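J.: Got a sequence here, can you model it:
(4 chains)
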There are 2 protein chains.
Amino acid sequence: MIISVDIELKILDDLMQKIIAKKFKVGEKLPSENELADQYRVPRTTVRRTLAKLEERGFIYSRRGVGRYINNESFQVELNLNGKSSFTDKMKKSGHQLITKNICCERIEFDQQIYDQLTANSEDNIYKISRLRFIQEEPIAIHTSYINQTVFPDIQEDGSHIQSMFAYYRQLGYTELINRNSLLSATFPTLTEQQLLSCKSMEPLIMIESNCVDASSAKILEHTKVLYRSNKFKYNVSRDS
Amino acid sequence: MIISVDIELKILDDLMQKIIAKKFKVGEKLPSENELADQYRVPRTTVRRTLAKLEERGFIYSRRGVGRYINNESFQVELNLNGKSSFTDKMKKSGHQLITKNICCERIEFDQQIYDQLTANSEDNIYKISRLRFIQEEPIAIHTSYINQTVFPDIQEDGSHIQSMFAYYRQLGYTELINRNSLLSATFPTLTEQQLLSCKSMEPLIMIESNCVDASSAKILEHTKVLYRSNKFKYNVSRDS
DNA sequence: TCAGCATATCTTGTTGCCAAGTTATTGTCT
DNA sequence: AGACAATAACTTGGCAACAAGATATGCTGA
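T.: Numbers count the residues shown, from 1 in each chain, chains lettered A, B, ... in the order given. Next up is the predicted model:
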């Protein structure tokens, strides 16, 4: 089946398989660029490009003058994408200490897509509220809520203190909260996201967009964008659990 | 917030944003390496590394001696991850012409994880059946089913012809088919997967693992691994739809 | 013996030059 | 004027030499 393939891709594949199969231990030093170049009979440049890819994927890191090392992979949290409960509750229930840090609460410029999702008028004030989530000191997700001020008049003052949007809504009498139109996609982090989530440029993120609706009043409470560091989670998408 | 950042990451982010915001048209030629190097006031090497990343992500391609061009992004299919119907049915229902190509039907060596999922004995024969899925001539997903021969005695002969596993099961009297323990994760393609899906090494794939169970007989019919080209889909994970 | 310093030898990172490929222009011959 | 060939001016790709950083070794002097 495989006929002729770029040797560079073969090397990447080989190293990748070895890392996944734990042929290298965590923290272990990889062979030097020159050693690898000799092993695979390729110029050092080729090896360097390959190692760079592994670094961008977050599997290894390099120390100038010293060598390259395998990253520790830390933990992986199971996350049920179907559950009705909020992210805060889900994490508490599964025994993970979740820390939330508010990073932004500001009015946004007009954005067709978001205004459509909220069925907002173009002169409505829409606020963007972002929270950064930590587990075990590690940033793992960014939650961003877009909220219409006509629905929540005090949002400008309240926004920068809210830890859990669900709790805020319940407090205001919205109790039957459901998520609609949840869409999942994979992206790469922007520069800001890389810094907030302290991740590399080639670590894919899972993005979930949805609308939160109160069933009894049929009001659209918020449009949500959540960015998860994909390798920190195992996403349960079962219907039944 | 942003204090000091690697200029290289800034360039990648900048180009990435411009591509997403459609500042470059499809098929349009990017500025040459030297032009970009002058624009950003960096050595050509830096620009080259950045452009290489964009290429690995599948956004641009290069023609030696000519230049670099924006890739066309083709289509994006909406896929409901919750629905009970099979992938084949889902695609038909949403009006997409799906073509399936059987690429593998063979007995596998013992694998703890897979045998566990199937609750198989270590001496059972497990067959791996893989199908490549095409939409509009483009490969978009690999479906792999692991099947116990004690449950399906004729699987070795039948395996290489099956287009839809669900149809096969129904034909054999299993009608109440449900998926259990569906787990979603993001990975990068192996070399073989890159070739089959004709994608670049840094295009993330969405993998969904699950078990197919017949509710009435409570038999585990198969363990499934599906690999989707992440950028070809919008995944609907709503509860209600 | 031991502390401290210089050095040799590893590592990864950077840079500049040349090779290879393509295209448009220019020159030349009929 | 038109066909064709040489050439110049771009493009991307590759490589080798060098720079910079870290570490271990060995030397020197007290």
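J.: Return the residues of chain A in contact with DNA strand C.
T.: Within chain A, the positions adjacent to DNA strand C are A:30, A:32-35, A:48, A:62-68 by CB under 7 Å from any atom of the strand. All C-beta spots, glycine's among them, are computed from the backbone N, C-alpha and C.
J.: give me that answer again for 6 Å
T.: A:Ser32, A:Glu33, A:Asn34, A:Glu35, A:Ser62, A:Arg64, A:Gly65, A:Val66, A:Gly67, A:Arg68 (CB under 6 Å from any atom of the strand).
J.: Show me which of these is closest to A:Asn121.
T.: The closest of these to A:Asn121 turns out to be A:Ser62 (CB to CB; 52.5 Å).
J.: Pop the domain breakdown of chain A in here.
T.: For chain A, the structural domains run A:7-70, A:77-236, going by automatic domain parsing.
J.: near DNA strand D, anything from the shortest one?
T.: Yes: counting by CB under 6 Å from any atom of the strand, DNA strand D has neighbours in domain A:7-70: A:Pro43, A:Thr45, A:Arg64, A:Gly65, A:Val66.
J.: between the residues you listed, which is nearest B:Gln194?
T.: Closest approach to B:Gln194 among the residues of domain A:7-70 next to DNA strand D (CB to CB): A:Thr45, at 21.3 Å.
J.: What about the closest one, how many residues nearby?
T.: Neighbourhood size, A:Thr45 [other CB atoms under 10 Å in any protein chain shown]: 11.
J.: what's the spacing between it and A:Ala52?
T.: A:Thr45 is 11 Å from A:Ala52, where distance means CB to CB, to the nearest Å.
J.: likewise A:Lys10?
T.: 16 Å.
J.: just A:Glu157 next, same as before
T.: Taken as CB to CB, the span from A:Glu157 to A:Ala52 is 47 Å.
J.: Look at these two and report which has more neighbours.
T.: Remark: of A:Glu157 and A:Ala52, A:Ala52 carries more neighbours, 16 against 9, as counted by other CB under 10 Å.
J.: which SSE is the nearest residue to that one once chain neighbours are set aside in?
T.: Spatial nearest neighbour of A:Ala52, chain neighbours left out: B:Arg49 (7.5 Å); criterion: CB to CB, 6 or more residues apart in numbering or on different chains. Assigned by DSSP states H and E, B:Arg49 belongs to helix B:44-56.
J.: List the buried residues of that helix.
T.: For helix B:44-56, a neighbour-count test (16 or more other CB atoms under 10 Å in any protein chain shown) marks B:Thr46, B:Val47, B:Thr50, B:Leu51, B:Ala52, B:Lys53, B:Leu54, B:Glu55, B:Glu56 as buried.
J.: ok, and what's touching stretch A:38-47?
T.: Contacts with stretch A:38-47, where a contact means CB atoms under 8 Å, 6 or more residues apart in numbering or on different chains, come from A:Ile7, A:Glu8, A:Ile11, A:Pro31, A:Glu33, A:Asn34, A:Leu36, A:Ala37.
J.: Could you rerun that using 10 Å?
T.: With contacts defined as CB atoms under 10 Å, 6 or more residues apart in numbering or on different chains, stretch A:38-47 is touched by A:6-8, A:10-11, A:14-15, A:31-37, A:49-50.
J.: Tell me how far whichever residue of chain A sits closest to DNA strand D lies from A:Ser32.
T.: At 2.6 Å from DNA strand D, A:Gly65 is the closest residue in chain A, using CB to the nearest atom of the strand. Using CB to CB, A:Gly65 is found at 11 Å from A:Ser32.
J.: Who has more neighbours out of the two?
T.: A count of neighbours by other CB under 10 Å puts A:Ser32 above the other of A:Gly65 and A:Ser32, at 14 against 5.
J.: Which parts of chain A are helices?
T.: A:7-20, A:33-40, A:44-56, A:87-93, A:112-117, A:155-158, A:165-171, A:191-196 (DSSP state H).
J.: Let's have the ones you listed in CSV, adding mean pLDDT.
T.: Listed next are those as CSV, based on pLDDT from 0 to 100:
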stretch, mean pLDDT
helix A:7-20, 91
helix A:33-40, 91
helix A:44-56, 92
helix A:87-93, 81
helix A:112-117, 91
helix A:155-158, 80
helix A:165-171, 84
helix A:191-196, 94
